[in-house]
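Asks: sequence first, predicted coordinates after that:
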Amino acid sequence: MKKMFIILAYLLFLVPLIFIVNFMFDIFTLEKIQGLPVFFPLFFCSLGLYFASKAYQIEKNTLTVSAIIANIILFLFPFIYMIGGTLIFGV
């Protein structure tokens, strides 16, 4: 059960991360969802954080702590991105 929670937590971290990397570097164009990848972490990482915290309650180890930290950092990315864009570009 713990392994399933960890796999889900890391999967819910990696999916938005792939979309954000594609959004930043324009690896392949996604014209239909132009700015949406920036906001994917708000939904996905909140679920990933839930599964990582459940895995941490079952067994406390570095894999679960790193899943929690990774999901928190990616959850905060849209806010940092918007504040940074406002400070740098003034828009």
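Replies: Ah, there it is. Numbering: from 1, shown residues only.
Asks: next up, the contacts around Phe39.
Replies: Listed by C-beta atoms under 8 Å, 6 or more residues apart in numbering, the contact set of Phe39 reads Pro78. Every C-beta, even on glycine, is put in place using the N, C-alpha and C of the backbone.
Asks: residues in contact with Met53?
Replies: Check again: residue 53 is Ser, not Met. Ile68.
Asks: what number of residues lie near Lys3?
Replies: 11 (other C-beta atoms under 10 Å).
Asks: so which helix or strand takes in it?
Replies: helix 2-25 (DSSP states H and E).
Asks: grab the longest helix from this protein for me.
Replies: Longest helix of the chain, by residue count under DSSP state H: helix 62-89.
Asks: what angle sits between that helix and helix 2-25?
Replies: 20 degrees (axes from the mean of the first three to the mean of the last three C-alpha atoms, to 10 degrees).
Asks: against which helices or strands is helix 62-89 packed?
Replies: Applying 3 or more C-beta pairs under 8 Å, 6 or more residues apart in numbering; DSSP states H and E, we find helix 62-89 packed against helix 2-25, helix 40-58.
Asks: the inter-axis angle of that helix versus helix 40-58?
Replies: 160 degrees.
Asks: what comes up buried for helix 62-89?
Replies: 63-64, 67-68, 70-71, 74-75, 77-78, 81 (16 or more other C-beta atoms under 10 Å).
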